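J.: Need a 3D model of the sequence below.
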Amino acid sequence: QVKLVESGGGLVQAGESLRLSCEASTRTWNEDTMAWFRQAPGSERTFVAAINWGDTADVDSSVEGRFAISRDTSKKTVYLQMNALKPEDTATYFCAARRGAALFQSEDKYIDWGQGAQVTVSS
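T.: Numbering: from 1, shown residues only. This next block holds a predicted model:
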């Protein structure tokens, strides 16, 4: 089982930036696709971005141009750089992992999950 630990959440003002980190304890890092999802209060969890071991990435259209996903193999860490944050980006952000290179947007395809990191954007 993969353990995922998110960090970097917090309270920021609209227009500011945050970078979330997710450190993975896994022996299959080079076979895994990592993803970020988010869940706002009272809403379902939704896809944000994913990246596979070949550094092919997919970013949801709702955040494209503002958010970017990357990974550092030496640290087994995936990042979500969030720029120009808006109040509607307020949510708990979850890191997820799956075996294989496919970049699915469905949470059902991911088998390992972190505990979540809270991001709050004030107006």
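
J.: what sits against the residue most central in space within the chain?
T.: By C-alpha atoms, centre = their mean, the chain has its centre lying nearest to residue 36, at 2.3 Å. By C-beta atoms under 8 Å, 6 or more residues apart in numbering, the residues touching residue 36 are 20, 22, 48, 49, 50, 69, 78, 80, 93, 94, 95, 96. (Glycine included, C-beta is placed from N, CA and C.)

J.: and residue 5, what is it in contact with?
T.: Applying C-beta under 8 Å, 6+ apart, we find residue 5 in contact with 22, 23, 114, 115.

J.: partner residues bridging it?
T.: With DSSP bridges as the criterion, the beta-bridge partners of residue 5 are residue 23.

J.: one step back: give me phi/psi at the residue nearest to the centre of the chain?
T.: Main-chain torsions, residue 36, degrees, to the nearest 10: phi -120, psi 130.

J.: picking up where we left off before, pull out the buried members of the contacts of residue 5.
T.: Using 16 or more other C-beta atoms under 10 Å as the burial test, these include 22, 23, 114 as buried.

J.: burial measure for residue 27, as a count.
T.: Using other C-beta atoms under 10 Å, residue 27 is surrounded by 9 other residues.

J.: For it, which three-state class applies?
T.: coil (DSSP: H, G, I helix; E, B strand; the rest coil).

J.: And the strands in this structure?
T.: For the chain, applying DSSP state E gives strands covering 3-7, 10-13, 18-25, 32-39, 45-51, 57-59, 67-72, 77-82, 91-99, 112-113, 117-122.

J.: so which of those strands gets nearest residue 105?
T.: Nearest to residue 105 among the strands of the chain is strand 45-51 (4.0 Å), distances taken as C-beta to C-beta.

J.: returning to that earlier point: gap between the residue nearest to the centre of the chain and residue 30?
T.: 20 Å (C-beta to C-beta, to the nearest Å).
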